[in-house]
Each structure stands twice: as C-alpha cells, then as structure tokens.
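Undergrad: the following block contains a protein sequence and its predicted model.
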Amino acid sequence: MRRIFGALLAAVIAPATAYAQIDIPVIYLKQEQEQPPVLSNLDPIPEDRGLAGAQLGLSDNATTGGFMGHNYTLEIIDVPLDGDLQAAAQDALTRSPYIILDAPAASQLSVADLPEAQNAILFNGSAYDSDLRGDNCRANLLHTLPSNAMRADALMQFVLFKRWDDLVMVKGAHADDVTFADSLNASATKFGLKIDKTKDWIFDADMRRNAAQEVPLFTQELGDYDLLLLADELHDFGRYIAYNTWEPRPVAGSEGLVPVAWAPVVEQWGAAQLQSRFVDQSARDMTPRDYGAWAAMRAIGEAVTRTNSADPATLRDFILSDQFELAGFKGRPLSFRTWNGQLRQPIPLVTERALVAQAPLPGYLHQRTELDTLGIDEPESTCEAFK
C-alpha cells in the first residue's frame, strides 16, 4: 500500500537565478511486523511511529529548502506482513536513491544487498542491532538510531559514576531482549565491570495480579546487589519489577533508568522546541524511532543544503566527511562515523518523568570526540564495508 505525503512542501522563494531548482524525493519504506503478546497493553504503539519523525524532518527541510529551490517530497510505502519487501524496495529505488527503512535488521540487509541499492543511501531508523554496525554492516546503510552498544555504554558510564559495582540482570526471551542483554554484558566488560548473576524471565502469568507475590521470590535468588539490570525491550514484564524486588534496589536498562535516543523529558539545548513542534504535528510525544527517522531526513536536508546537490555519491561523501554536522538538540553537533556509518550522538539517561544524565559523562575522554566513547570505536570495529 502506498501513500504520498505532500507533493511539494515549499515553493521557491529565492530568485530563480540564485539557485538551481533541485528535487529530492525521499521514500519511507516500512515493513509491517507482528507484535508478540505482552503482559500489559498500557502503552500501545503509535501507528505512525517513525513516520511522524520523517514528516517533521520533511517540514524542517522545506523551511530552508524553500529559499534555495530545493523541493523535498516524502513517499510512504507500507509493506504488509505477507508482502514482498524486496520487490517494494526495487520499485522504490526506481524513483529515489534515498530511503528511510523501518524494518527488522535482516530485512534491511536484504534491501541493502539489492543490485539496485548499491548507489543509493539507505537510513536505518528502527533497528538497534549492533551487528548491523559490525560484521553485517553495509556501505550504503547509515544508522541514525543509536546501537544497543551505544545505549549500554551510556548506562555503564553512569553505573561507574555511581560506583555501583555489584550488578545482576533479568532478561526476557525475545530476540531483542537477548541482543540487548548481550550488549549490556559486553559493555560491562568494556568498563571493567561484571554482571554477576543473570536470570531468565520465565513467567507468563498476569503480573498485574501476581507481581507482589512472584517478583520478590524470583529476585530473592539474586542475593545482594547495587543495581538490577533489565533486558525487556518489548516492555513486557519490566514494569512489574520495580518496588517488588526482594532487595530494595534501583533498576535500569529497559525500565527504570533507561538509555534512549530520545524521550519527552529531554528539554534542554532547544529540545523543548522540537518536542512542541512534534506534538503540534502528531498530537503525541516523540519516540526514539521518530527521532531516528527525523535525523535521517534532516541529514539528507543538511547535506543537500551544504552541497547544493541531489547526487547520491556527492551527498554520501559529504555526510561521511568532517564538514558534516547535524544540530540534533542534544547539546552537541552530530556526525557520522566513517568506519560503520553510525550517527554519533549523546544518549539521554531518563526515567519516565526526568532526564537524570546524558552520556558521555564528564571524565570519559577520547582523542577524537567523547561521543566515540559510546558504542563501537574505530580500533574495535569489525565493519569492513566502509574501508
């Protein structure tokens, strides 16, 4: 199913002789995914999650583009559960080399490997998998959503700052839970920490009624500890852990203190203005996936503005250069890592109602930028496609 959002958002305001008119078509390609059942339905997933961020980025691009003769369009392609994503991508690539992908990691790789996509610029705005930035990286796939490794490193920096040395973890069985748990373990090792005990969440009962009875007994076996880490990326059981543990200890990870790309409680550095514009547009709060899609659209806009070109090779070279900077409302200019295509960015550490800290924390130094203390740094990268 295909919908078109806005044929042209801005007319050329500058004189025709000042700038050559450029058309920049962008396609938002989404693969519908079956959501596994969870214990609570308190947080329904917005139907336009991700897409709404791309639409706000389109509006932002048009503000500048209207003065320069740059006309941005956004086409939305929604592939159903039983649809053919590769065929949809091949069709999309006949109309635009710029595609924002909202799909699982494996599906994104299938699109990136298409012969038609080799000269395109694809943006991953939905998958946290660190492997997409490592062994399975692709030179035509850039990542505006932070990786699990970046999120885990942000949390571990805070753990060290608080001197919480004794760590335990509860993890779910879903694939996203497992990959986030793996990243937490790897990050703990990276920062000289250790997760002493890990328990798998095994319950499928209604925790709305049983949490006060089941969780204390379940966590009693973990013994004493400073912090309980939760790997529950589906947000299934984690909400029932806090205040029900055997030991009265803080929780962090997927619930409690959470490392995120974006959250409604981020208000500094001009973020409140971005938040309010998003709410005005979409009548809801901005999510991390919205931010990832917004950043992808804005990266295209920034590159087109600076190069006055719509050529994919020209834009890719600029995006991966030292000259590229994106104002991401996080207190620092954002840029892309040349070794794996990941957008460098601070990671807010938030609770439901407050920004607690933002990583990188003070004291974590790096010869290039402190942002590279988060996630896969160049010496440890296993990505070969960008070399």
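TA: Sure, I can see it.

Undergrad: give me the most central residue, this structure.
TA: Leu145 (2.4 Å; Cα atoms, centre = their mean).

Undergrad: contacts only, for it.
TA: Shown in contact with Leu145 (Cβ atoms under 8 Å, 6 or more residues apart in numbering): Asn124, Gly125, Ser126, Ala127, Tyr128, Ala261, Pro288, Arg289, Tyr291, Gly292. Any C-beta I mention is one placed from the backbone N, CA and C, and that applies to glycine too.

Undergrad: tell me the one of these nearest Ala54?
TA: If you rank the contacts of Leu145 by distance to Ala54 using Cβ to Cβ, Gly125 comes first, at 7.7 Å.

Undergrad: can you mark which positions in the helix or strand hosting Val168 are buried?
TA: Element membership for Val168, per DSSP states H and E: strand 167-171. Going by neighbour count (16 or more other Cβ atoms under 10 Å), the buried part of strand 167-171 is Leu167, Val168, Met169, Val170, Lys171.

Undergrad: any chance of JSON lines for those residues, columns pLDDT and distance to Leu365?
TA: Formatted as JSON lines, those follow (pLDDT from 0 to 100; distance: Cβ to Cβ, whole Å):
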{"residue": "Leu167", "pLDDT": "98", "distance to Leu365": "24"}
{"residue": "Val168", "pLDDT": "98", "distance to Leu365": "30"}
{"residue": "Met169", "pLDDT": "98", "distance to Leu365": "28"}
{"residue": "Val170", "pLDDT": "97", "distance to Leu365": "33"}
{"residue": "Lys171", "pLDDT": "97", "distance to Leu365": "32"}
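
Undergrad: nearest spatial neighbour of the residue nearest to the centre of the chain, skipping sequence neighbours?
TA: Spatial nearest neighbour of Leu145, chain neighbours left out: Gly292 (3.6 Å); criterion: Cβ to Cβ, 6 or more residues apart in numbering.

Undergrad: so who does that neighbour touch?
TA: Gly50, Gly53, Asn124, Gly125, Ser126, Thr144, Leu145, Ala261.

Undergrad: at 6 Å what do you get?
TA: Gly125, Thr144, Leu145 (Cβ atoms under 6 Å, 6 or more residues apart in numbering).

Undergrad: wait, is the residue nearest to the centre of the chain part of a strand?
TA: No. Applying DSSP: H, G, I helix; E, B strand; the rest coil, one finds Leu145 to be coil, outside a strand.

Undergrad: so where's the chain shaky on pLDDT?
TA: 1-19, 37-41, 204-211 (pLDDT under 70).

Undergrad: redo that, cut-off 50
TA: Applying pLDDT under 50 to the chain flags the ranges 1-17.

Undergrad: mind giving me the domain split of it?
TA: Domain segmentation of the chain under automatic domain parsing yields 2-146+263-345, 149-259.

Undergrad: contacts for stretch 84-102?
TA: Contacts of stretch 84-102 (Cβ under 6 Å, 6+ apart): 25-31, 50, 54, 77, 79, 107-108, 110-111, 116-117, 120-126, 293, 296, 300, 312.

Undergrad: tell me if Glu353 really is in a strand.
TA: You called it Glu, but residue 353 is Arg. No. Assessed with three-state DSSP, Arg353 is coil; it does not lie in a strand.

Undergrad: what's the burial count for it?
TA: By other Cβ atoms under 10 Å, 7 other residues sit near Arg353.

Undergrad: and for it, nearest residue in space, chain neighbours not counted?
TA: Using Cβ to Cβ, 6+ apart, the nearest residue to Arg353 is Val265, at 6.4 Å.

Undergrad: name the element the one you found belongs to?
TA: Under the criterion of DSSP H and E, Val265 resides outside all helices and strands.

Undergrad: what are the ranges of the helices in the stretch 251-387 of the chain?
TA: 271-282, 288-307, 312-319 (DSSP state H, counting those that start in this stretch).

Undergrad: chain center to the second one: distance?
TA: It refers to helix 288-307. Helix 288-307 sits 13 Å away from the centroid of its parent chain (Cα atoms, centre = their mean, to the nearest Å).

Undergrad: please point out which parts of that helix sit buried.
TA: 288-304, 307.

Undergrad: surely Ala310 meets Ile24?
TA: Yes. Checked against Cβ atoms under 6 Å, the pair Ala310 and Ile24 is within contact range at 5.2 Å.
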